[in-house]
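Trainee: One predicted model, sequence on top.
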Amino acid sequence: GAGVSQSPSNKVTEKGKDVELRCDPISGHTALYWYRQRLGQGLEFLIYFQGNSAPDKSGLPSDRFSAERTGESVSTLTIQRTQQEDSAVYLCASSLDRTSSYNEQFFGPGTRLTVL
Amino acid sequence: AQSVAQPEDQVNVAEGNPLTVKCTYSVSGNPYLFWYVQYPNRGLQFLLKYITGDNLVKGSYGFEAEFNKSQTSFHLKKPSALVSDSALYFCAVRAKGTALIFGKGTTLSVSS
């Protein structure tokens, strides 16, 4: 079946502009995660969604970052008034059930964001 | 606080030789441990996980990892490296009810 997909694959924007990144999780996966990967760094947790529960936003670096998810499907990550330090690869992952901590996460190919 | 350490930024090994990529962790409670691999311009792929039971876990592409509770380690191993194993490897840990914490990654380079 289809894996996690993300769009766009690349996004170049000017400082101060807003950007919206999209993630389509694997069908049937109730948990969805967003991570940020800066050049030469590990993955930085941003936010996760589990079914209809309130999302865990504890990893969002500032109030310029927000994310939404429609039911158990598509999610969008929005970055307002982008800054150069926002440049990174943004990765989305999904898993069967967030409440089972041992379910592995399946990752999308990422969106490479460059802020000029 | 939970954390994962991958002490080596890069590991170099000749094809056919055994390889080890190190990982140590710090977590309260029982850890759930994972290894992921990232090939250039591709997303992360799941390799294997330790939940409970046998300390030696076998995963994809001939990789295995050994959980050592006393040393809080979860090193990734393969008996015979392939050039195609060259990639970036991430160790990750979570405790029940928490987010997944990743190490900074180790670049594995296998020479022919």
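Mentor: Arrived safely.
Trainee: use CA for all of it now, contacts and neighbours both
Mentor: OK.
Trainee: Spit out the contact partners of residue 2.
Mentor: By default, I'm working from chain A. Applying C-alpha atoms under 8 Å, 6 or more residues apart in numbering or on different chains, we find A:A2 in contact with A:I26.
Trainee: switch to chain B, that's the one I care about
Mentor: Residues touching B:Q2, when contacts are defined by C-alpha under 8 Å, 6+ apart, comprise B:25-28, B:94, B:101.
Trainee: what pairs with residue 12 across the strands?
Mentor: Since you didn't name a chain, this refers to chain A. When bridges are assigned using DSSP bridges, the partners listed for A:V12 are A:T114.
Trainee: let's do chain B instead
Mentor: Residues in beta-bridge contact with B:N12 (DSSP bridges): B:S109.
Trainee: Identify the farthest-apart pair in the contacts of B:Q2.
Mentor: B:S28 and B:I101 (12.9 Å; C-alpha to C-alpha).
Trainee: Compare the two and say which one has the larger neighbour count.
Mentor: Neighbours were counted for B:S28 and for B:I101 using other C-alpha atoms under 10 Å in any protein chain shown; B:I101 has more, 22 against 10.
Trainee: Isn't A:I26 up against A:D97?
Mentor: No - A:I26 sits out of contact with A:D97 when judged by C-alpha atoms under 8 Å, with a separation of 11.9 Å.
Trainee: In terms of neighbours, single out the busier of the two.
Mentor: Set side by side, A:I26 and A:D97 give different neighbour counts by other C-alpha under 10 Å, the larger being at A:I26 (24 against 18).
Trainee: With A:A93 as the reference, measure out to that one.
Mentor: When distances are taken as C-alpha to C-alpha, to the nearest Å, A:I26 and A:A93 turn out to be 9 Å apart.
Trainee: intersection of neighbour lists for those two?
Mentor: Taking C-alpha under 8 Å, 6+ apart as the contact rule, the neighbours common to A:I26 and A:A93 are A:V4.
Trainee: Please name the residues that touch residue 108.
Mentor: Looking at chain A here, since you left the chain open. Shown in contact with A:G108 (C-alpha under 8 Å, 6+ apart): A:3-6, A:23, A:91-93, B:43-44.
Trainee: ah, I was thinking of chain B
Mentor: B:L108 makes contact with B:10-13, B:21, B:85-89 under the criterion C-alpha under 8 Å, 6+ apart.
Trainee: any chance of the residues you listed in TSV, plus neighbour count?
Mentor: Written out in TSV, the entries for the contacts of B:L108 read as follows (neighbours: other C-alpha atoms under 10 Å in any protein chain shown):
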residue	neighbour count
B:Q10	14
B:V11	15
B:N12	13
B:V13	19
B:V21	23
B:D85	18
B:S86	20
B:A87	17
B:L88	19
B:Y89	27
